[in-house]
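Q: Predicted model and sequence follow; I will ask about them next.
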Amino acid sequence: MKHLFILSLVFLFCLSACDVGSSANNGNNANNVNNANNVNNTNNVNNTNNVNNQDYTVLKSDQPREENPAITAGELAGLTDGMLQFHFDLYAELAARDGGNIIYSPWSIDLALAMTWAGARNTTESEMAGVLHFPMDQDLVHAGFNSLERHVNGLGAGLDPLAFKLTSANSIWGQVDYGFETPFLDTLAVNYGAGLNLLDFESDPEAARAIINAWVANQTAGKITELLQQGTLDALTRLVLVNSLYFKAKWLHEFAPDATGPQTFHTLAGSDVTVDFMTMDASAIPYFEGTGYRAVELPFVGDEASMILVMPDAGTFSTFEAAFDATQLDGIAQNLALEPYLYLMLPKFDFRFNLSLKPVLEALGMTDAFEMGTADFTGMHTPLELYISDVVHEAFISIDEAGCEAGAATAVIMSGFGEIVEFKLDNPFLFFIRDRETGVVLFAGRVTDPSL
């Protein structure tokens, strides 16, 4: 008898996702956008680049990207374990705040915050490391991300890019004539392949926003066009650190389009909806049935990446989700095996998710970094004046019979406040309440003793 596996949940797809029918993955046009991996020019040498007919200057470090990062297998395993812990901490916060569909890229968020952490010092540095589960070793962490990103970007090497494409890219955008520390820029060049793109946030933050959004759109095949919403940047913006992740791949075992048809999906809210389900005889698809759940793994072309889908028993989703962790995910991955009589039914879906991560990260304990006057990013710039004003994230996913397309982008926005001018009214003073247009004084008085 065939095992009928009707998937009603996509849970934990860490790459990002869909519609493989188009050729939109040819989105990386090196003639129109800065190649963030080219860091071989000398420091303080300005090059002019162009995005959507808007020029900006690139200040390149003289340090090339390290091709053989100095990190042991054990150190890398420790870093990835910490990353997984952060990913599940983050997921728990997101799930508690939103009852709908969720797609996010733990990888993109990690990368953007790791670049930011390179400039953190003292309590800000240790607090961020605690939330991100980083070891307190800047060199090790950045070498680790360099190694991991090289691995990620190497997946699918030699395959037809129309069948498999996965690209992680980084960029940093700083205020022109603002003093950024050379060791910070070198760290980002050596480990993240990111040159400093110079923009004038002070005089025209909207033009700067358009340029950064155009870079993100270019990296995500035009699918994420407004990562930075209007008003996100202002004249006090000093630095924006961005990671983008784009994925598009065909299934190793594609679904037949003529086998797709409407079926009932039971939503978390308790209602039933009718959506298109893809179906296949899935004897070549790894499957596992655990206590209280079932799981399946859909490999992509090249068999280097896959999508694991986990469905808890009916009525147990919220409890299962709250207890799910990296250990359980790894256990599922280890136990997947071919089921010769598996018949798979999977709903098609296509959605996106965007949000500010500031309240989420604050809830996890990363508070000093967002507090003006307390945040210490003197590894980026001195004197102490930079702080994170926001962390924004957007991701999308879509799957169909041919495969999956997904993308994500994260921007960490750093603002400055200049030298603080303190005005403490601790002596007698006058006050006036007036009409600003006519100058008419409505109330006037003085305070000689506020305790009375």
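A: In hand now; what should we look at?

Q: Surely residue 109 is in contact with residue 357?
A: Yes: contact criterion Cβ atoms under 8 Å: residue 109 and residue 357 qualify, at 6.8 Å. No exception for glycine: its C-beta is placed from N, CA and C like everyone else's.

Q: anything in contact with each of those two?
A: Shared contacts of residue 109 and residue 357 (Cβ atoms under 8 Å, 6 or more residues apart in numbering): 391, 393, 410.

Q: So the first one belongs to a strand, correct?
A: Yes: checked against DSSP: H, G, I helix; E, B strand; the rest coil, residue 391 lies within a strand.

Q: which residues does it contact?
A: So residue 391 contacts 109, 112-113, 356-358, 361, 410-413 (Cβ under 8 Å, 6+ apart).

Q: how does it look with 6 Å?
A: Residue 391 sits next to 357-358, 412 when contact means Cβ atoms under 6 Å, 6 or more residues apart in numbering.

Q: for the second one, same thing?
A: For residue 393, the contacting residues are 357, 410, by Cβ under 6 Å, 6+ apart.

Q: Tell me the bridge partners for it.
A: Counting by DSSP bridges, residue 393 forms beta bridges with residue 355, residue 410.

Q: Please enumerate the helices of the stretch 301-450 of the chain.
A: In the stretch 301-450 of the chain, the helices defined using DSSP state H, counting those that start in this stretch lie at 317-323, 326-335, 358-363.

Q: looking at those, which is closest to residue 68?
A: Nearest of the helices of the stretch 301-450 of the chain to residue 68, taken as Cβ to Cβ: helix 326-335 at 27.9 Å.

Q: Give the buried residues for that closest one.
A: 326, 328-329, 332 (16 or more other Cβ atoms under 10 Å).

Q: ok, so of those, who is nearest residue 201?
A: Looking across the buried residues of helix 326-335 and measuring by Cβ to Cβ, the closest to residue 201 is residue 326, at 38.4 Å.

Q: Am I right that that closest one is in contact with residue 84?
A: Yes: Residue 326 lies in contact with residue 84 (Cβ atoms under 6 Å); the separation is 4.0 Å.

Q: closest to residue 69 among the contacts of residue 391?
A: Among the contacts of residue 391, and counting by Cβ to Cβ, the member closest to residue 69 is residue 412, at 22.2 Å.

Q: looking at it, residue 392 is touching residue 411, isn't it?
A: Yes: assessed by Cβ under 6 Å, residue 392 is found in contact with residue 411 at 5.1 Å.

Q: higher neighbour count, these two?
A: residue 411 (26 against 21; other Cβ atoms under 10 Å).

Q: just the angle between the top helix by length along the chain and helix 326-335, please?
A: Taking DSSP state H as the criterion, the chain has its longest helix at helix 73-97. Interaxial angle, helix 73-97 versus helix 326-335 (axes from the mean of the first three to the mean of the last three Cα atoms, to 10 degrees): 110 degrees.
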